[in-house]
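Give me coordinates for this.
(one chain, ligands or ions: 1)
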Amino acid sequence: MARKKLIAGNWKMNGLLADGIDLTKGVAAEVKAMGKPECEFLVCPPFTLLTSVKRALRGAKVALGAQDAHFAEKGAHTGDISPVMLKEIGCQYVILGHSERRADHGETDELVNKKAVAAHECGLKTVICIGETLEQRDAGKTIDVCSKQILGSVPDSATAADTVIAYEPVWAIGTGKTPTAADVEEVHAAVRKVLAKKLGKGNANKMRILYGGSVKPGNAKEFLSLPDVDGALIGGASLKVADFIGIAKNAGC
Ligand code: PEP
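Got it, this is the predicted structure:
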């Protein structure tokens, strides 16, 4: 089953206007120079840069995504942004349930699920994040934790066309530590099995499952050549054009 790899950058809370535009223009130029890349590209800047980044991406085959969205369309939710607002300014994707949102804002599987339903309803694709903590890994609970997060966070109505999963071991995010390639493949294969039970084999076989957690140009090939790894969600290394593009190139894009 051919799944087009997705190389996704999560800029997190980084980037003022000038830096964000430089980064965008650099990525756009490199992707253009690749001609017809084998992969899809996505950048997810902070809310404040979305409109400017959209403009700077014009003509480039790089999709735009946000890093979170509320489940409501509008209303009294100070500080939040709704899916329809993101759609209106040209976002195609939204990251949901990142471990930093689960940890910093107490987001639960149930909430992530509600957000995903709302995002899909207005035509946004979601990147739904899952992953275990170090304590959970050490206790041998990685597969159980990830399975539970998939069952709870992914809507029953999700399809391969509107949903991407990102497996990101919490202890590997921003730390320079990574699981072994064999560990990553084991989790991705297990996640695909759970997806098959939940959404049917057809969706599960077509759904992209990204790996995230300290992906760099130097380890991209190792992870992104695994059979069930369909791309990467990249934090720190997505802030440098050479690293982001280096990951893509080393992954065979
Ligand atoms: C992330 O936050 O999604 C991430 C994977 O970060 P990093 O690449 O910096 O580990």
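
Please, where are all the helices along the stretch 1-150 of the chain?
17-33, 50-56, 83-88, 99-105, 109-121, 134-138, 142-153 (DSSP state H, counting those that start in this stretch).

For the last one, give me every contacting residue.
So the one you mean is helix 142-153. For helix 142-153, the external contacting residues (C-beta atoms under 8 Å, 6 or more residues apart in numbering) are 96-97, 108-110, 112-113, 116, 128, 130-133, 136, 165, 167, 169, 183, 186-187, 190-191, 194-195, 198. For the C-beta atoms, the positions are set from N, CA and C on the backbone; glycine is no exception.

roughly how far out does it sit from the chain middle?
Relative to its parent chain, helix 142-153 has a centroid offset of 17 Å by C-alpha atoms, centre = their mean, to the nearest Å.

how about the helix or strand following it, does it reach the ligand?
Sequence-wise, the next helix or strand downstream of helix 142-153 (DSSP states H and E) is strand 163-167. No: on the criterion C-beta under 6 Å from any ligand atom, strand 163-167 is out of touch with the ligand, staying 7.0 Å away.

what's the pLDDT at residue 170?
If you check residue 170, the pLDDT there is 98.

Count the neighbours of it for me.
When neighbours are defined as other C-beta atoms under 10 Å, residue 170 has 22 of them.

now residue 234
By other C-beta under 10 Å, neighbour count at residue 234 equals 28.

Make sure it is actually in contact with residue 11.
No: using C-beta atoms under 8 Å as the test, residue 234 is too far from residue 11 to be in contact (9.7 Å).

show me the contacts for the residue of the stretch 151-253 of the chain found nearest the ligand.
Per C-beta to the nearest ligand atom, residue 235 is where the stretch 151-253 of the chain lies closest to the ligand, at 2.2 Å. By C-beta under 8 Å, 6+ apart, the residues touching residue 235 are 10, 12, 173, 174, 212.

Within reach of the ligand, which of those are there?
Of the residues in those, proximity to the ligand by C-beta under 6 Å from any ligand atom holds for 10, 173, 174, 212.

Which of those are buried? Put it as a ChimeraX command.
In ChimeraX syntax, the buried subset of those is picked out as below (16 or more other C-beta atoms under 10 Å):
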select :10,173,212
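
Give me the subset of the ones next to the ligand among the contacts of residue 235 that lies in helices.
Per DSSP state H, helices hold no members of these.

In three-state terms, label residue 232 for me.
Three-state call for residue 232 (DSSP: H, G, I helix; E, B strand; the rest coil): strand.
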